[in-house]
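In: please find the sequence and the predicted model below.
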Amino acid sequence: MASSSKRPRPRASDADPDAAAGAGAGAGATVPGQAASTEEQAATDRAAGERPTGERPADEQPVDEQPVDEQPVPHVRVAVIGSGFGGLGAGVRLRRAGITDFVILERADSVGGTWRDNSYPGCACDVPSHLYSFSFAPNPDWPRSFSGQPDIRAYLEKVTDVFGIRPHLRLNTEVVEARWDVDRTRWRITTTAGRWTADAIVAAAGPLADPQIPGLPGLDSFPGAVFHSSRWDHDFDLAGKRVAMVGTGASAAQIIPAIQPRVGKLTVFQRTPAWVLPRRDRTITELEKWLHGRLPFTAKVRRGALFALRELQVDAFVRRPGLLKLVQRLAERHIADGVADPALRARLTPDYRIGCKRILLSNTYYPALAAANTEVVSGGLREVRGSTLVAADGSEHEADAIVFGTGFHVTDMPLGSRVFGVNGTSFTEEWKEGMEALRGSTVHGFPNFFFVIGPNTGLGNSSMILMIESQLNYMIDALTTLDRIGASAMQPTARAQRRWNLELQHRMDRTVWTTGGCRSWYLDRSGKNTVLWPGSTTSFRRATRKVDLTEYELTLRRESRPGLPGIAAEAGEVLV
């Protein structure tokens with residue numbers, strides 16, 4: 001979402017957001033069963049004449065030298081980009097580690113990330129609610145086993161308040177450029193609301209942030225409404241309209257049943273059908289909520305059972321795709337139960353192995369496609385001629401509105417063209433042969449830059465919150481390790497990064513995403529899977545538990561003490 005470039009620049013006092021946190025309603029708040037917040041510990045430290053790790057006294061807050069006619073550029077220890085699950089989780093973990101000198105840069109006017117942007121009819125999560133939440137912030141009040149977008153967004157707002165994250169937020173602040181300053185070993189960040197410098201950046205914008213709309217011939221001349229599923233136009237009244245839905249992915253599978261009863265005519269342009277399984281959704285009873293609230297261990301047991309079930313499924317996806325044959329038969333039965341017309345059923349039956357593309361969950365998708373006012377057009381949309389939509393098979397269809405459920409810029413993330421590393425090279429240039437990182441988190445040539453949901457950290461069958469928390473563990477260990485050893489910057493060696501990715505792609509060769517016979521958004525233009533993790537969430541947690549310094553080049557802090565084990569004595573020297 002675009003933000004104004006006329007907003008005031010941040011004040012120098014913004015470099016210490018903790019000063020405001022002490023007076024905020026959410027500051028120092030705790031969740032039942034959780035330890036006291038970092039703010040309370042900070043107050044104790046100050047009373048003892050000490051300060052928490054990572055917090056600088058006001059008179060030591062560094063600022064860049066500026067011409068006398070300009071305001072100083074505030075400096076922070078960490079700048080977080082994005083305020084979805086990844087960004088808010090980073091904020092909580094930073095505070096818990098005693099690092100309160102950080103800002104969260106958010107281009108929109110509120111938190112929530114993808115759960116703020118995607119407000120389309122029927123929007124809900126396809127991962128059970130009790131697994132799709134932070135381990136440190138359980139929610140006993142989920143209304144359904146698969147909760148909807150409003151409930152997930154409300155959960156994220158609550159996390160923001162309870163954990164005192166709001167004073168660190170800088171809303172309506174889109175990152176325009178981030179450039180590594182080699183001489184001062186810090187990041188220079190330019191945003192639509194001013195500039196910052198930071199010791200480290202945590203990129204938590206996520207891969208589902210920037211919608212992708214195909215450049216169809218004649219689209220600009222279409223006289224009706226045109227919008228992407230993640231930018232839903234709530235002012236447009238669908239009632240009685242001729243609506244074209246382009247795409248049959250996860251969002252479309254929720255939108256189609258939600259709008260089909262309201263529209264006059266629904267034309268679905270399907271390029272590739274998806275495998276769909278029944279959705280075991282239900283209302284969570286008041287008794288269950290009471291038990292989870294009064295006896296938290298019951299919620300932990302429920303979460304543990306959901307986690308274990310999905311871990312058991314991993315082997316079929318990544319090592320033995322043949323085990324998915326039984327699941328595919330269930331999906332075939334689901335089509336037969338929902339679609340009586342054999343011709344339509346044939347068009348909706350994929351010709352690839354289940355799991356190769358994302359498996360969808362819905363009890364209402366097939367009945368909506370089989371409804372009298374719905375037409376499924378195979379082959380996708382080719383061009384637009386005024387209000388006439390021309391399909392790949394040459395058929396023509398009239399429409400008053402076009403809704404694109406065509407996914408996001410995942411393997412070509414827009415942020416990549418805005419971030420420049422040690423040699424002035426952007427991520428876009430660095431990744432021209434495909435995205436890759438060390439342990440999905442750090443990239444050679446981009447010191448102190450940490451991804452949350454980085455390359456090859458996506459999942460095909462479980463909760464991304466599990467992966468996010470693993471990457472947050474890794475990021476916190478990296479930052480505290482830098483402090484402990486007296487270094488100012490770290491970046492993975494080219495050798496370590498390459499070795500990690502060669503092994504990862506070798507494991508990818510036998511997964512269903514590679515062998516299943518489909519072309520999915522998991523693959524980049526060269527056919528390389530740079531999105532998914534070819535293993536269990538448990539194995540990823542082990543791989544990111546701690547930073548292995550043998551995989552990194554370190555740069556000494558100027559004031560670092562000589563003689564530390566494994567650290568060169570000369571300040572500023574890069575160690576391999």
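Out: Thanks, I have it. Numbers count the residues shown, from 1 in each chain.

In: the strands in the stretch 1-150 of the chain, which residues?
Out: Ranges of strands in the stretch 1-150 of the chain, per DSSP state E, counting those that start in this stretch, are 75-81, 102-105.

In: so which of those strands gets nearest Val531?
Out: Comparing the strands of the stretch 1-150 of the chain by their distance to Val531 (CB to CB), the top pick is strand 75-81, with 19.2 Å. Where you see a C-beta, it was placed from the backbone N, CA and C, and this is true even at glycine.

In: the closest one pairs with which strands?
Out: strand 102-105 (parallel), strand 194-203 (parallel) (DSSP bridges).

In: wait, Val243 sits on Ile259?
Out: Yes. Taking contacts as CB atoms under 8 Å, Val243 lies within contact range of Ile259: 6.6 Å.

In: shared neighbours of the two, which are they?
Out: Common contacts of Val243 and Ile259 (CB atoms under 8 Å, 6 or more residues apart in numbering): Leu266.

In: those two - which one has more neighbours?
Out: Val243 (26 against 21; other CB atoms under 10 Å).

In: roughly how far apart are that one and Gly224?
Out: 9 Å (CB to CB, to the nearest Å).

In: shared neighbours of these two, anything?
Out: Shared contacts of Val243 and Gly224, counting by CB under 8 Å, 6+ apart, come down to Ala399, Asp400, Ala401, Ile402.

In: among those residues, which two are most distant?
Out: Across those, the longest distance by CB to CB is 9.0 Å; it joins Asp400 and Ile402.

In: between those two, which has more neighbouring residues?
Out: Neighbours were counted for Asp400 and for Ile402 using other CB under 10 Å; Ile402 has more, 24 against 19.

In: does that one count as helix, strand or coil?
Out: Following DSSP: H, G, I helix; E, B strand; the rest coil, we place Ile402 in the strand state.

In: list the contacts of it.
Out: Leu219, Phe222, Gly224, Ala225, Val226, Phe227, Val243, Ala244, Val246, Val384, Leu389.

In: could you rerun that using 10 Å?
Out: 213, 216, 219, 222, 224-228, 243-246, 267, 269, 381, 384, 387, 389 (CB atoms under 10 Å, 6 or more residues apart in numbering).

In: please apply the same query to Glu375.
Out: By CB under 10 Å, 6+ apart, the residues touching Glu375 are Ala244, Lys265, Leu266, Thr267, Val268, Phe269, Leu344, Leu369, Ser395, His397.

In: number of nearby residues for the second one?
Out: Here the count is done by other CB under 10 Å, and Lys265 has 17 residues near it.

In: for it, give me phi and psi.
Out: phi -140, psi 130 (degrees, to the nearest 10).

In: pLDDT value on it, please?
Out: On the pLDDT scale, Lys265 is placed at 98.

In: distance of it from Glu398?
Out: The value you get for Lys265 to Glu398, if CB to CB is used, is 8 Å.

In: ok, the fourth one next?
Out: The span separating Thr267 from Glu398 equals 9 Å under the rule CB to CB.

In: more neighbours: the two, which one.
Out: Thr267 (23 against 13).

In: looking at this, that one is in a strand?
Out: Yes. Using three-state DSSP, the assignment for Thr267 is a strand.

In: any common contacting residues for Thr267 and Glu398?
Out: Joint contacts of Thr267 and Glu398 (CB under 10 Å, 6+ apart) are Arg242, Ala244, Leu389.

In: and the pLDDT for the residue positioned nearest the centre of the chain?
Out: Nearest to the mean C-alpha position of the chain, counting by CA atoms, centre = their mean, stands Gly206 at 3.0 Å. As predicted, Gly206 sits at a pLDDT of 88.

In: next one: Pro214
Out: 92.

In: sec struct for the closest residue to it other than its chain neighbours, please.
Out: Of all residues not flanking Pro214 in the chain, Thr406 sits nearest, at 6.0 Å (CB to CB, 6 or more residues apart in numbering). Classification of Thr406 by three-state DSSP places it in coil.

In: common neighbours of Lys265 and Glu398, please.
Out: Arg242, Ala244.

In: surely Ala203 meets Asn448?
Out: No. Using CB atoms under 10 Å, Ala203 makes no contact with Asn448, being 11.3 Å away.

In: more neighbours, these two?
Out: Ala203 (27 against 24).

In: who does that one bridge with?
Out: Bridge pairing for Ala203 (DSSP bridges) gives the partners Ile81, Phe451.

In: residue contacts, it?
Out: 79-82, 86-87, 90, 175, 178, 413, 415-416, 419, 427, 441, 446, 449-454.
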